[in-house]
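Participant: Provided below for reference: sequence and predicted model.
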Amino acid sequence: WLSEHLNSGGFIGSRENIAVCTGTFIMLFAVRNGWAPSTSKNAKLEKGLNLEDSGSDMLSGDPLGMTFVDVLAAGSMGHIIAAGMLLGLNNMAQ
């Protein structure tokens, strides 16, 4: 089944699939390592947009405190990044 989709030019392995996977991975990695805002690390404009611990009371089984809300937000932003990648690639092809 998988080799059929990879060899026939299907979705798996296509540039759209790679863009979405890459964009989502980048955002999840950034949130998980504290390089992007999350429920436990917020940025304040008056502090120069530096991330600081906000002491979130959301429950999480993750050692770094990443919550379901963080996963949804990072995944959404990753898809937005992927859309930008695809629009840029389509523009470069013309």
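Facilitator: Noted; the coordinates are in hand. Predicted model only: the values in this text are computed from it and were never measured.
Participant: C-alpha from now on. contacts and neighbour counts both.
Facilitator: Noted.
Participant: buried sites along the helix or strand hosting Ala74?
Facilitator: Take DSSP states H and E as the rule and Ala74 turns out to sit in helix 68-93. Residues of helix 68-93 classed as buried: 70-71, 73-75, 77-79, 81-83, 85-86 (neighbour count, 16 or more other CA atoms under 10 Å).
Participant: what number of residues lie near Gly23?
Facilitator: Per other CA atoms under 10 Å, the neighbour tally for Gly23 reads 23.
Participant: which residues of the chain fall in strands?
Facilitator: Under the criterion DSSP state E, the chain carries strands at the ranges 41-43, 51-53.
Participant: please report how far the residue nearest to Gly23 when sequence neighbours are not counted lies from Phe11.
Facilitator: Among residues not flanking Gly23 along the chain, Gly78 sits closest, at 4.4 Å (CA to CA, 6 or more residues apart in numbering). Counting by CA to CA, to the nearest Å, the gap from Gly78 to Phe11 is 18 Å.
Participant: quick check, Thr67 in contact with Ala74.
Facilitator: No - applying CA atoms under 8 Å, one finds Thr67 not in contact with Ala74, separated by 10.7 Å.
Participant: for the chain, which spans come out with low pLDDT?
Facilitator: Applying pLDDT under 70 to the chain flags the ranges 1-10, 43-50, 54-59, 62-64, 94.
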